[in-house]
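*Asks:* mind folding the following:
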Amino acid sequence: MPNVGQKGGWIVAVLAVAAVMAQIGATRVVAETPAHKATASCPGGSTGITLPKGFCATIFADKIGHARQLAIAPDGTVFVDTWSGRYYGNDKPHEGGFLVALKDTKGAGQADVNVRFGQTFAEGGHGGTGIALYKHWLYAEVNDRIERYDLKEGETAPAGPAETILSGMPITGDHPMHPFAIDAQGNLFVSMGSATNACEVRNRMPHSPGNDPCTELETRAGIWKYDANKAGQVFSAKERYVSGIRNGEGFDFDTSGRLFVTQHGRDQLHEDWPELYTTEQGFELPAEEVMIVKDGAFALVVVMLVLVATVAIPVVVPMAMMVPVVMLMMPTIMIPMSMPALDTMHYAAGDALAGIPLCQGRCASRQHDSGGGGK
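*Replies:* Model (predicted):
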């Protein structure tokens, strides 16, 4: 998702709000506006979203389908990718394409232009999650493909046909969605979510250990790299960029070009291991990580592991023993991955507390394979 811009006194959309709406399968797109006063009420009533003090959420567009992710053009047009299928109980999809172009032409804070385009359900489309702008193109995920549309000046929604950039992406299993991002050089980074909860021998079943090794990692639970300028690419294992990210959802770049990604950690800690985790811990653990993505890295969040291990073990463990304990618990905590030795991981001051691993150069060296889970 591109950086969010401010227009006419209101912020069109905020990554945090978009992420929430994607998770709950929203039919609305919400605009978040800084309140003029901390006590000011939101115009148009409540949206049911809890926000920090001083912020206000209003309905920008309604009844657009199961909104997933957004891309915002320089002229203020908000492009939305919507989805359908088993994640939403196979409910009847809306009429028209799964892509939507929204625009507020009156400065009222609500979209008065709402145009659907792209492949329809009748044409075999099921929509998707990922969407991004690059140069004069709009890129969007649909089914197992990433397609692009040429955006011409004066068009609210593209009128021309889509061109397939990438096809053959895996859409089986637990995480068939493919969020993605494109950097200034045209590198296309695509998430391939894990096919299972945590690479278990029996998926989502109590006390099932992780597969060791986890062969799923060859084509899932990582980020793949392609060329956004090149049509006709086909997914394969060889384009894997980083591994061990169970379900990368939010992508963005900082001003220096570093790629950040949020990960949805493993599910069902309490259901799978009730003797180790309470119901509340099952809802809250493990923490969702923000990671810096680097070529060839294998994801590892040491701080999260230490915290979870501390909660799970009802005895006092000397710090000198903590690393071995964490390693032993990995089959029930993290997504199985080829794991770098701990001395190849380096953390910037403050980043470790936030759970952000900074892989510097040698992250793929001295690997150790372990089965297990991440949410």
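
*Asks:* any idea which element the nearest residue to Ala221 once chain neighbours are set aside lies in?
*Replies:* Spatial nearest neighbour of Ala221, excluding adjacent residues (CB to CB, 6 or more residues apart in numbering): Ser194 at 4.0 Å. C-betas here are computed from N, CA, C, even on glycine. Using DSSP states H and E, Ser194 falls within no helix or strand.

*Asks:* who touches Ser194 in this structure?
*Replies:* For Ser194, the contact set (CB atoms under 8 Å, 6 or more residues apart in numbering) comprises 173-175, 216, 220-221, 246-247, 335, 374.

*Asks:* want to throw these into CSV with distance to Gly76?
*Replies:* Conversion of the contacts of Ser194 to CSV gives the following (distance: CB to CB, whole Å):
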residue, distance to Gly76
Gly173, 37
Asp174, 36
His175, 32
Glu216, 41
Arg220, 37
Ala221, 36
Arg246, 35
Asn247, 31
Ile335, 39
Gly374, 37
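
*Asks:* please identify which of those is nearest to Gly48.
*Replies:* Set against Gly48, the nearest of these by CB to CB is Asn247 (24.8 Å).

*Asks:* surely that closest one is in contact with Ala195?
*Replies:* No. Counting by CB atoms under 8 Å, Asn247 stays clear of Ala195, with 10.5 Å between them.

*Asks:* ok, now how distant is the residue nearest to Val293 when sequence neighbours are not counted from Ala159?
*Replies:* Spatial nearest neighbour of Val293, excluding adjacent residues (CB to CB, 6+ apart): Leu259 at 4.3 Å. Leu259 sits 32 Å away from Ala159, going by CB to CB, to the nearest Å.

*Asks:* all strands of the stretch 201-350 of the chain, in order?
*Replies:* 222-227, 233-234, 240-243, 248-253, 259-263, 289-293, 337-339, 345-346 (DSSP state E, counting those that start in this stretch).

*Asks:* among the ones you listed, which is nearest Gly89?
*Replies:* Evaluated over these, closeness to Gly89 peaks at strand 248-253, with 21.0 Å, by CB to CB.

*Asks:* and the closest one, what does it pack onto?
*Replies:* On a contact count with 3 or more CB pairs under 8 Å, 6 or more residues apart in numbering; DSSP states H and E, strand 248-253 meets helix 15-23, strand 180-182, strand 187-192, strand 259-263.

*Asks:* parallel or antiparallel, which strands does the shortest one pair with?
*Replies:* Translated: strand 180-182. Partners of strand 180-182 in the sheet, by DSSP bridges, are strand 187-192 (antiparallel).

*Asks:* and Ser46, what pLDDT?
*Replies:* The score at Ser46 is 73. That number is its pLDDT.

*Asks:* flag the shaky bits of the chain, pLDDT-wise.
*Replies:* Along the chain, segments meeting pLDDT under 70 span 1-28, 30-41, 44-45, 299-375.

*Asks:* nearest residue to Gln233 in space, please, no chain neighbours.
*Replies:* Leu166 is the one closest to Gln233 (CB to CB, 6+ apart), at 4.8 Å.

*Asks:* okay, that neighbour and Asn211: tell me how far apart.
*Replies:* Distance from Leu166 to Asn211, by CB to CB: 27 Å.

*Asks:* those two: which has the busier surroundings?
*Replies:* Neighbour count, other CB atoms under 10 Å: between Leu166 and Asn211, Leu166 has more, with 27 against 18.

*Asks:* burial of the nearest residue to Ala181 once chain neighbours are set aside, as a residue count?
*Replies:* Distance criterion CB to CB, 6+ apart; nearest residue to Ala181, sequence neighbours excluded, is Phe251 at 3.5 Å. Phe251 is flanked by 25 other residues according to other CB under 10 Å.

*Asks:* what bridges to Tyr149?
*Replies:* Leu138.

*Asks:* you'd agree it is up against Thr164?
*Replies:* No. In this structure, Tyr149 is not within contact of Thr164 by CB under 8 Å, at 11.3 Å.

*Asks:* neighbour-wise, which of these two wins?
*Replies:* Legend: neighbour count by other CB under 10 Å for Tyr149 and Thr164, higher for Tyr149 (22 against 14).

*Asks:* OK, contacts around the more buried one?
*Replies:* By CB under 8 Å, 6+ apart, the contact set of Tyr149 is 117-118, 137-138, 140, 158, 160, 162-163.

*Asks:* state the distance from it to His126.
*Replies:* Tyr149 is 18 Å from His126, by CB to CB.

*Asks:* is it true that Trp83 touches Gly128?
*Replies:* Yes. Counting by CB under 8 Å, Gly128 is a contact partner of Trp83 at 6.1 Å.

*Asks:* what sits in contact with each of those two?
*Replies:* Residues touching both Trp83 and Gly128 (CB under 8 Å, 6+ apart): 68, 98, 177.

*Asks:* among those residues, which one has the most neighbours?
*Replies:* Ranking the shared contacts of Trp83 and Gly128 using other CB under 10 Å puts Phe98 first, with 29 neighbours.

*Asks:* partner strands of the strand or helix carrying that residue and their direction?
*Replies:* Element membership of Phe98, judged by DSSP H and E, is strand 97-103. Next to strand 97-103 in the sheet, as set by DSSP bridges, lie strand 78-83 (antiparallel), strand 113-120 (antiparallel).

*Asks:* list of residues touching it?
*Replies:* Applying CB under 8 Å, 6+ apart, the contact partners of strand 97-103 are 29, 60-61, 64-65, 75-84, 111-121, 125-128, 131, 140, 142, 156-157.

*Asks:* ok, now with 6 Å
*Replies:* Outside of strand 97-103, the residues within contact range by CB atoms under 6 Å, 6 or more residues apart in numbering are 61, 64, 77-80, 82, 111, 113-118, 120, 125, 127, 140, 156-157.

*Asks:* likewise for stretch 161-172?
*Replies:* By CB under 6 Å, 6+ apart, stretch 161-172 touches 144-149, 178, 219, 226, 231, 233-235.
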